[in-house]
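Q: Structure for this input, please:
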Amino acid sequence: MPGNAMIHPAKIADSPGLDIEKVRADFPILQRTVHGKPLVYLDTAASAQRPLAVIEAIDGFYRNHNANIHRGVHLLSQEATEDFEQARLKAAGFINAPSEQECVFTRGTTESINLVAHSFVRPRIKAGDEILISWMEHHSNIVPWQLLCEETGAVLKVVPMNQRGELEMDALAEMLNERVKMLAIVQISNALGTINPVAEICAMAKQHGIPVLVDGAQAVPHQAVDVQALDCDFYCFSGHKMYGPTGIGVLWGRYDHLQAMQPYQGGGEMIRHVTFEKSTFNDAPGKFEAGTPNIAGAIGLGAAIDYLHGIGMDKVAAWEARLLAYGTERLTQVEGFRMIGTAAHKAGVMSFVLGDIHPNDVGTLVDLHGVAIRTGHHCAMPVAQFFGLPATARASLGVYNTFEEIDILAKSLEKTIEMFA
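A: The predicted structure is shown next:
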């Protein structure tokens, strides 16, 4: 390897205002060891770690305010309700939603997409109509639409991508027509790191009157998101990708859409009046939140949003861009390393193959050095099939990662190569 082909980490300054050591100290799990080595966590695209502020917010709810919401006149219920609805306000502000009433709490991105498929698209679609997705979608933005097409006779169409992992925009333009009743598109690919031009795509769809759902699960933890600027119809994301709890997420939708949609589930909380003859339903968002919600999860999500705001999304994006640039340069110097996904606009996802070593073997061996990466198809099997691969290994970045950790990954890959040689 050329000794001068890479900038040394010590020569790369922190992003302005980002104290990486302070950030890392906020995450208790980063203090532990794995197989006797310091943990190097490079699997944030699967699920991010949680800062102490999030852990304490959840703990504080259960210790001090635990009660059901919206239904009690006693103080604990009032406190829990206030904290829950404050989290909704924070979520709305985080994506610049016009109103918190447009933010529905769900179990995550997957449930959000299923909700839209069932309550918004299902009543509007018939045999011969089309639903448009892209080749790089996560399974959660493929399977719900497949099920809907099987039920209705609609047709699922797939926008192709090129060998760099970028959407073929000319092909997309040609596929937009009056038969398309929904375009569902990922903002950042979890398998490739590709950042799609979502605002441009929404503008193209709008010319044909096509509603757009954006899967923002991989976007909101890594860059500022403005749903009004994107001009989409629905936007969804998950708490556990953005340093919050599992089992909580947000569906944002235009209020006129949400009001016109039928409930996704029936039960308590989502009703206005119930008789044996007929029930009437709450306005949005309440009519989509049947039963007791994940109150602690919502409060934890609110704490995660506060945490990211405290750092600043511009600083998060700048730090991770530096890490990605360094990681791309450093890892491509490893013998046999081949990056899968080389789009011009990328987020901090580095999927790769290492010679002819199976990715599962790569993941198992680097784990012995304390390095946690993902291996497999990353819930995006069509992407692996497109590149003719059974699987890839994936190192994905978070705000707590460092240049030194990328060096550790690179060295563990080099040792893996030596072992197989």
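Q: tally of neighbours for residue 79?
A: For residue 79, the neighbour count with other CB atoms under 10 Å is 17. Where you see a C-beta, it was placed from the backbone N, CA and C, and this is true even at glycine.
Q: what stretches of the stretch 301-421 of the chain score poorly on pLDDT?
A: In the predicted model, the stretch 301-421 of the chain carries no residue with pLDDT under 70.
Q: Could I get the pLDDT score of the residue of the chain positioned farthest from its centre?
A: Going by CA atoms, centre = their mean, the residue of the chain most distant from its centre is residue 277, 41.6 Å out. Looking at residue 277, its pLDDT stands at 93.
Q: Quick check: which element contains residue 395?
A: strand 392-396 (DSSP states H and E).
Q: name the helices or strands packed onto that strand?
A: The elements that strand 392-396 packs onto, with contact taken as 3 or more CB pairs under 8 Å, 6 or more residues apart in numbering; DSSP states H and E, are strand 349-354, helix 359-367, strand 374-376.
Q: can the ones you listed go into TSV with extra columns for distance to residue 208?
A: Formatted as TSV, the helices and strands packed on strand 392-396 follow (distance: least, CB to CB, whole Å):
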stretch	distance to residue 208
strand 349-354	31
helix 359-367	40
strand 374-376	36
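Q: of all these, which gets the most neighbours per residue?
A: Highest mean neighbour count among the helices and strands packed on strand 392-396 (mean count of other CB atoms under 10 Å): strand 349-354, with a mean of 25.
Q: What separation do you get for the residue positioned nearest the centre of the chain and residue 358?
A: In the chain, the C-alpha nearest the mean C-alpha coordinate belongs to residue 217, at 1.7 Å (CA atoms, centre = their mean). Residue 217 sits 27 Å away from residue 358, going by CB to CB, to the nearest Å.
Q: can I get the CA coordinates of stretch 162-181 in CSV?
A: Output in CSV follows, covering the C-alpha atoms of stretch 162-181 (Å, rounded to 0.1, in the frame of the first residue of the first chain):
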residue,chain,number,x,y,z
ASN,A,162,-27.3,1.3,-12.7
GLN,A,163,-24.1,-0.5,-11.6
ARG,A,164,-23.2,2.4,-9.3
GLY,A,165,-26.4,1.9,-7.4
GLU,A,166,-28.1,5.1,-8.8
LEU,A,167,-31.7,5.3,-10.0
GLU,A,168,-32.2,5.6,-13.8
MET,A,169,-34.0,8.9,-13.7
ASP,A,170,-34.9,8.8,-17.4
ALA,A,171,-36.6,5.4,-17.0
LEU,A,172,-38.5,6.8,-14.0
ALA,A,173,-39.8,9.7,-16.0
GLU,A,174,-41.1,7.3,-18.7
MET,A,175,-42.8,5.1,-16.1
LEU,A,176,-44.9,8.0,-14.7
ASN,A,177,-48.4,8.0,-16.1
GLU,A,178,-52.1,8.1,-15.2
ARG,A,179,-52.1,4.4,-14.3
VAL,A,180,-49.7,4.9,-11.4
LYS,A,181,-51.6,5.4,-8.1
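Q: Could I get the buried residue list for that stretch?
A: For stretch 162-181, burial by neighbour count (16 or more other CB atoms under 10 Å) applies to 165-167, 172, 175-176, 179-181.
Q: Please, where are all the helices along the stretch 101-250 of the chain?
A: With DSSP state H, counting those that start in this stretch as the criterion, the stretch 101-250 of the chain has helices at 109-116, 143-152, 169-175, 198-206, 227-230.
Q: Can I get the ones you listed in a markdown table including distance to residue 74?
A: As requested, the helices of the stretch 101-250 of the chain are exported to a markdown table (distance: least, CB to CB, whole Å):
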| stretch | distance to residue 74 |
| --- | --- |
| helix 109-116 | 30 |
| helix 143-152 | 40 |
| helix 169-175 | 54 |
| helix 198-206 | 45 |
| helix 227-230 | 36 |
